[in-house]
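Undergrad: Have a look at this fold, sequence not included:
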């Protein structure tokens, strides 16, 4: 389904993922709106910027509506000044997931530099369906999908 995000989120138990990362970038993000029913986020990732609208309400299971568009970097910096308190700073590492049943996926591991998760890491994998199987790397801990305290907007 277009504009649908299906992701699973996990705690990270060690920094072993670092040796598997193929790239990384710095992310600064703030929220213009963070309500239980929706969030509107401004994200600056290195020299690119994005505006994202997400539903807080699940479509089916863990699927959520997500609309994201690239925006002008200067505009994003101005919008960051309008964001609610609590901007997030993090480094995102991209790690290829072990191929499983012909699916090629990547883990995104965020190491937080601010907020309640400062110094900690979370891993996410986006899937094509809620029941899509995947292999768990050794550095993956407990699943926290759907737990509000692990939503970036709540950190």
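TA: Perfect, I can see it now. Everything numeric in this text was worked out from a predicted model, so none of it was measured.
Undergrad: now the strands for the chain?
TA: For the chain, applying DSSP state E gives strands covering 4-5, 7-12, 23-35, 38-45, 48-55, 64-71, 88-96, 106-112, 121-126, 140-143.
Undergrad: so can I have JSON lines of those showing distance to residue 154?
TA: All C-beta spots, glycine's among them, are computed from the backbone N, C-alpha and C. Listed next are those as JSON lines, based on distance: least, CB to CB, whole Å:
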{"stretch": "strand 4-5", "distance to residue 154": "17"}
{"stretch": "strand 7-12", "distance to residue 154": "13"}
{"stretch": "strand 23-35", "distance to residue 154": "8"}
{"stretch": "strand 38-45", "distance to residue 154": "10"}
{"stretch": "strand 48-55", "distance to residue 154": "13"}
{"stretch": "strand 64-71", "distance to residue 154": "15"}
{"stretch": "strand 88-96", "distance to residue 154": "10"}
{"stretch": "strand 106-112", "distance to residue 154": "12"}
{"stretch": "strand 121-126", "distance to residue 154": "12"}
{"stretch": "strand 140-143", "distance to residue 154": "17"}
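Undergrad: Which of those has the lowest mean pLDDT?
TA: Mean pLDDT is lowest for strand 4-5 out of the strands of the chain, coming in at a mean of 80.
Undergrad: Excluding residues flanking it in the chain, which one is nearest residue 23?
TA: In this structure, residue 23 finds its nearest non-sequential neighbour in residue 94, 5.0 Å apart by CB to CB, 6 or more residues apart in numbering.
Undergrad: show me what contacts the one you found?
TA: Contacts for residue 94 (CB atoms under 8 Å, 6 or more residues apart in numbering) come out as 21, 22, 23, 24, 106, 107, 108.
Undergrad: Verify the contact between the second one and residue 92 for me.
TA: No: under the criterion of CB atoms under 8 Å, residue 22 is not in contact with residue 92, lying 11.9 Å apart.
Undergrad: between these two, which one's more packed in?
TA: Neighbours were counted for residue 22 and for residue 92 using other CB atoms under 10 Å; residue 92 has more, 17 against 9.
Undergrad: who does that one bridge with?
TA: With DSSP bridges as the criterion, residue 92 is bridged to residue 25, residue 110.
Undergrad: does it really touch residue 112, like I thought?
TA: No: if you go by CB under 8 Å, residue 92 and residue 112 don't touch, sitting 10.3 Å apart.
Undergrad: From residue 47, how far out is the most centrally placed residue in the chain?
TA: Per CA atoms, centre = their mean, the C-alpha nearest to the average position across the chain is that of residue 124, at 6.5 Å. According to CB to CB, to the nearest Å, residue 124 and residue 47 sit 23 Å apart.
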